[in-house]
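Peer 1: fold the following and give me the result.
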Amino acid sequence: MSAHSASAHASFHAIEWRQQSLHLLDQRVLPHEHRVLEYTTAAEVADAIRAMVVRGAPAIGIAAAYGYALDALAGRDLQQAYHVLAESRPTAVNLFWALERMAALNTADAHTLVAEARKIHEEDIAANLAMGEFGASVLPENAVIYTHCNTGALATGGHGTALGIIRSGYAEGKVTQVYAGETRPWLQGARLTAWELMQDQIPVSLVCDGAAAQLFRQGNVDWVIVGADRITANGDVANKIGTYSLAVLAKHHGVKVMVAAPTTTFDLTLESGEDIPIEQRPQEEVTSLFGQPIAPAGCQAINPSFDVTPAGLIDVIATEKGLIMQPDRDSVALLLAR
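Peer 2: From the prediction side, this is the model:
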């Protein structure tokens, strides 16, 4: 095993298929409440994705696949199910990949579609475990990691992408400390990442987003490890808003940057990050916090959910197929051709 007794596996389930219905851990109320919601239609699942009951590109894709299967079970129009689910979150390419895979079976047989959704779920977990091993292999001993948003078992089928690498690195005795950026405006780092790591007894300290530069300047961080919602043909990465800022800071201070993503996150139809649609969310998410106003009445706000980090600021992309060092168009194509 390792220098640590902790398992590399997460100690909870964010997505479960039980008795012909989908059960999602409601991530909006974590860490103070553990609430699991049941869904029986594609429209309900689309609402859950849009409302961020479930979030993270791989988890969204898995939930959408199950949502599609739910409407097959009820004999509903699958073309309508596809469109309802596809419109829920426009930036996460895994959503469209999963729906295309389900639709490509060209069947309304519920048993077949449920089995395919389960297969997508299982494949994601296996990919995360492989990604964790590849990513952890480049970490130094006694590594100190900074991570942004939530990229763990809550955001995937299980184990996680960026947090999966952290889990694997900790299980191998390599990771000694994790800093989790709070991730405004939804506070996924504070509410979800800190909770996940504490559940698995991995040392974590919460950091205000604006404090990252000071940490980097003091030489307290070895790697920034983040996930991705979409990666283009040239290696540009769309991820949670604030990722680009972290990559710029890391470059200035000599901190390495790793992106963790399954190959399903790559969108080779897009040449560069300039082509990625960026979801704009309601301004109330910025001007209020947990329903309480934090800005003057009538104050305007902008709320892009994602930004794009150029490939030139990324040291390595970890996938289930291996590592892309110094990503560019050629290295991306070479790995995806395996």
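Peer 1: how about the helices of the stretch 101-250 of the chain, start to end?
Peer 2: For the stretch 101-250 of the chain, the helices defined by DSSP state H, counting those that start in this stretch occupy 110-136, 162-171, 188, 194-199, 212-217, 243-253.
Peer 1: report the buried residues of stretch 331-338.
Peer 2: Across stretch 331-338, burial judged by 16 or more other Cβ atoms under 10 Å covers 331-332, 335. Glycine gets a C-beta too; all of them are placed from N, C-alpha and C.
Peer 1: residue 28: which of the helices of the stretch 101-250 of the chain is closest?
Peer 2: helix 188 (10.5 Å; Cβ to Cβ).
Peer 1: roughly how far is the closest one from the heart of the chain?
Peer 2: How far helix 188 lies from its chain's middle: 11 Å, per Cα atoms, centre = their mean, to the nearest Å.
Peer 1: which among the buried residues of stretch 331-338 gets closest to residue 289?
Peer 2: Proximity of those to residue 289 (Cβ to Cβ) peaks at residue 332, which lies at 38.4 Å.
Peer 1: disregarding residues adjacent in the polypeptide, which is nearest to the residue nearest the centre of the chain?
Peer 2: Closest to where the C-alpha atoms of the chain average out (Cα atoms, centre = their mean) is residue 56, at 3.6 Å. Counting by Cβ to Cβ, 6 or more residues apart in numbering, residue 56 lies nearest to residue 155, which is 2.3 Å off, once chain neighbours are set aside.
Peer 1: so where's the stretch 1-150 of the chain uncertain?
Peer 2: Scanning the stretch 1-150 of the chain with the threshold set as pLDDT under 70 gives 1-11.
Peer 1: that one: strands as residue ranges?
Peer 2: For the stretch 1-150 of the chain, the strands defined by DSSP state E, counting those that start in this stretch cover 15-18, 21-25, 36-39, 143-147.
Peer 1: most packed of those strands?
Peer 2: Each of the strands of the stretch 1-150 of the chain was scored by mean neighbour count; the highest is strand 143-147, a mean of 24, by mean count of other Cβ atoms under 10 Å.
Peer 1: so how far is that strand off the chain centroid?
Peer 2: Using Cα atoms, centre = their mean, the offset of strand 143-147 from its chain centre is 17 Å.
Peer 1: adding distance to residue 250, write the buried residues of stretch 331-338 out as a markdown table.
Peer 2: Below are those laid out as a markdown table (distance: Cβ to Cβ, whole Å):
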| residue | distance to residue 250 |
| --- | --- |
| 331 | 20 |
| 332 | 20 |
| 335 | 22 |
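Peer 1: in helices only, show me these.
Peer 2: Judged by DSSP state H, the buried residues of stretch 331-338 include 331-332, 335 as members of helices.
Peer 1: take those and write them to a markdown table, including pLDDT.
Peer 2: What follows is these, written out as a markdown table (pLDDT from 0 to 100):
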| residue | pLDDT |
| --- | --- |
| 331 | 98 |
| 332 | 98 |
| 335 | 98 |
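Peer 1: and the residues you listed, which is closest to residue 266?
Peer 2: Distances from residue 266 to these, taken as Cβ to Cβ, are shortest for residue 332 (6.9 Å).
Peer 1: my guess is that closest one contacts residue 265. True?
Peer 2: No. Counting by Cβ atoms under 8 Å, no contact exists between residue 332 and residue 265, whose distance comes to 11.4 Å.
Peer 1: what's the overlap in contacts for these two?
Peer 2: Common neighbours of residue 332 and residue 265, counting by Cβ atoms under 8 Å, 6 or more residues apart in numbering, are residue 231.
Peer 1: tell me the most buried of the helices of the stretch 101-250 of the chain?
Peer 2: helix 162-171 (a mean of 30).
Peer 1: that older thread, I'd like the helices of the stretch 101-250 of the chain laid out as JSON lines, including distance to residue 84.
Peer 2: Output for the helices of the stretch 101-250 of the chain, formatted as JSON lines (distance: least, Cβ to Cβ, whole Å):
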{"stretch": "helix 110-136", "distance to residue 84": "16"}
{"stretch": "helix 162-171", "distance to residue 84": "30"}
{"stretch": "helix 188", "distance to residue 84": "25"}
{"stretch": "helix 194-199", "distance to residue 84": "30"}
{"stretch": "helix 212-217", "distance to residue 84": "38"}
{"stretch": "helix 243-253", "distance to residue 84": "29"}
